[in-house]
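Asks: Can you look at this prediction? I've put the sequence above it.
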Amino acid sequence: MLQKLTSGFLCFLSLVAISACDQFDLDDLRKKAPPTPEISLSATVTGPQALPTPATSGLGSFTGVYNQQTNVLTYSMAYVYAIGANALQELHLHRGGPGVVGPIIYTLSSPRFPITGTVTLSEADEALLLSNQIYVDGELSFQSPPTPLLVQTRGTIMRQ
């Protein structure tokens with residue numbers, strides 16, 4: 001009888017020890033930090049990507065950080081080939097992947113280079129942004145006598 005009680009107690013103790021180990025593993029998983037809500041984005045902005053392809057071309061760089069919790073995109077746009085540019089005519093975010101002309105969804109503006117700011121995206125635009133279906137385009141004007149020169153650029157925004 002004592003042997004049966006001892007065996008039963010040892011069996012019970014083993015089950016408690018095993019369940020404690022399982023609980024420890026679950027607690028460890030719960031303590032892990034959730035994934036960061038911020039996603040780094042970038043785009044190389046060039047003339048040949050613009051549609052229709054312009055006769056003149058520029059080169060720029062778009063960088064951004066998108067916060068999935070707040071839906072806020074913080075961006076910076078710099079032009080490498082903007083020496084002599086006297087005005088930024090337009091800078092927009094559009095819906096559409098590479099090779100697609102899409103509608104303007106946000107106008108980005110800044111009085112000087114580099115262009116920086118924030119924009120709050122809708123849930124639908126967030127889904128497009130995270131699937132590389134949003135692009136940035138810009139137009140710069142240069143004073144080049146006798147007529148001003150307009151340079152167009154475009155780049156698909158992608159995760160880094």
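Replies: Good, I have the coordinates.
Asks: In which helix or strand does the nearest residue to I115 once chain neighbours are set aside reside?
Replies: With sequence-adjacent residues excluded and distances taken as CB to CB, 6 or more residues apart in numbering, I115 is closest to M77, at 4.1 Å. (Glycine included, C-beta is placed from N, CA and C.) Secondary structure assignment for M77, by DSSP states H and E: strand 72-79.
Asks: Mind giving me the packing neighbours of that strand?
Replies: If contacts are counted by 3 or more CB pairs under 8 Å, 6 or more residues apart in numbering; DSSP states H and E, strand 72-79 sits against strand 38-46, strand 59-67, strand 115-120, strand 134-142.
Asks: List the beta-bridge partners for the residue nearest to I115.
Replies: Taking DSSP bridges as the rule, M77 bridges to F62, I115.
Asks: Quick check: it touching G138?
Replies: Yes: at 7.0 Å, M77 counts as touching G138 under the criterion of CB atoms under 8 Å.
Asks: which residues do the two both contact?
Replies: Common neighbours of M77 and G138 (criterion: CB atoms under 8 Å, 6 or more residues apart in numbering): V45, G60, L91.
Asks: pretty sure L128 is in a helix, no?
Replies: Yes: assessed by DSSP: H, G, I helix; E, B strand; the rest coil, L128 belongs to a helix.
Asks: confidence score at the closest residue to S40 other than its chain neighbours?
Replies: Closest residue to S40 apart from its sequence neighbours, by CB to CB, 6+ apart: Q160 at 4.2 Å. You'll see Q160 listed with a pLDDT of 90.
Asks: Three-state assignment for D125, please.
Replies: Counting by three-state DSSP, the backbone at D125 sits in helix.
Asks: now it, nearest residue through space, not along the chain?
Replies: I105 (6.0 Å).
Asks: what bits of this protein have low per-residue confidence?
Replies: Residue ranges of the chain with pLDDT under 70: 1-35, 51-57, 80-89, 110-113, 141-151.
Asks: Can you give the domain ranges for it?
Replies: What automatic domain parsing lists as the domains of the chain is 1-32, 38-159.
Asks: who's in contact with the strand holding M77?
Replies: For strand 72-79, the surrounding residues in contact (CB under 8 Å, 6+ apart) are 41, 45, 58-67, 85, 91, 108, 110, 113-121, 129, 136, 138, 140, 153.
Asks: okay, the angle between it and strand 115-120?
Replies: On the basis of axes from the mean of the first three to the mean of the last three CA atoms, to 10 degrees, strand 72-79 is oriented at 160 degrees to strand 115-120.
Asks: No more questions from me, cheers.
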